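Student: Predicted structure and sequence below. I'll ask about it afterward.
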Amino acid sequence: AYDGASVLSGNLTGLQTRVKEISPEAMFVHCCAHNLNLCLIDSADCCVNSKLFFGTLETLYTFVTSSLPRLKVLGAEQQNELQKTILTLKRLSDTRGASRKRAVESVVSSFPAICKALRRIARGDLINCTGAALAEAKGLLATVTTFEFIFLLCFWNKVLNLVFRLSNYLQGSKIDLITATHLINACCLELSELRDEQEFSSIERDAKQLAQKAGAETKYTCKRIRRVKRFYDERVADESLTDMREKFKVETFFCLVDTFSSKSVTDLPILGSILA
């Protein structure tokens, strides 16, 4: 058996074909760490809020790093908040498992400074700042200060740290097959145990603490659902309020955790059986 990078694993002219020319009985095995990353990416795309979260991280990175004055504003706010300059924002990558972890960590570590920097830019504190930049800063600020975004920031920080340990081990040069299988099973278990009210409340508390430090929202966005007029004595403007906490928990948190669990049950044990 042999591992191969996805770009070289083609069954026509890739590494798989070339090895089989020499040894026809060789069995091709995908890189386990790469498969783990693909499971994570698929899971991250299971709901709209999660897609929006990572899209916002990418937009934030592009907006801040594409302008030296904006970078200086962020650096100054980091210096004021933490008495030191934190690592700059990181770009997302679908091919590198650690990129999402670093992107989330960089935002978590300096989230209050990021919010303050966006507020300064949106107010027009920067000289020669274009109207488009002001509008983008205001839009980003409105998104990152929602409680849903902050909750997902804490959630993904926890999940990616959990998966990162396994991913690092699977890419090590001194990997032990028994230990790798044990770590895969442990990761499956930890992911499934996230689907718990106490886990949800714990992440919620962390998100509220982070939101308070940044002067952001500490409550879920309240949306009114307009009802369609069905009876003659009803008003068209009749509206009802929904429990947004419960809605977010079911449609986003449980959706993500359930997808992780299903992926871990179907894919990660396969990695373990291949390794063993």
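Tutor: Right, received. Where do you want to start?
Student: Let me see the ranges of the helices in this structure.
Tutor: For the chain, the helices defined by DSSP state H occupy 15-22, 32-44, 48-65, 68-82, 97-109, 111-122, 131-144, 147-170, 177-192, 197-214, 244-248, 254-266, 268-275.
Student: As a markdown table, these with mean pLDDT, mean neighbour count and distance to Leu89 would be great.
Tutor: Every residue, glycine included, has its C-beta placed from N, CA and C. Shown next, in a markdown table, are these (pLDDT from 0 to 100; neighbours: other C-beta atoms under 10 Å; distance: least, C-beta to C-beta, whole Å):
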| stretch | mean pLDDT | mean neighbour count | distance to Leu89 |
| --- | --- | --- | --- |
| helix 15-22 | 79 | 14 | 35 |
| helix 32-44 | 71 | 20 | 18 |
| helix 48-65 | 92 | 17 | 4 |
| helix 68-82 | 88 | 16 | 8 |
| helix 97-109 | 85 | 20 | 5 |
| helix 111-122 | 94 | 22 | 8 |
| helix 131-144 | 94 | 16 | 12 |
| helix 147-170 | 87 | 20 | 13 |
| helix 177-192 | 80 | 16 | 27 |
| helix 197-214 | 94 | 16 | 15 |
| helix 244-248 | 90 | 14 | 25 |
| helix 254-266 | 75 | 18 | 23 |
| helix 268-275 | 47 | 17 | 30 |
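Student: Can you give the distance of stretch 180-198 from its chain's centre?
Tutor: 18 Å (C-alpha atoms, centre = their mean, to the nearest Å).
Student: if we can go back for a sec, tell me which of the helices of the chain sits nearest to Tyr220.
Tutor: Set against Tyr220 and scored by C-beta to C-beta, the helices of the chain come closest in helix 244-248, at 3.9 Å.
Student: which residues sit against the closest one?
Tutor: Asn49, Glu148, Phe151, Tyr220, Thr221, Cys222, Lys223 (C-beta atoms under 8 Å, 6 or more residues apart in numbering).
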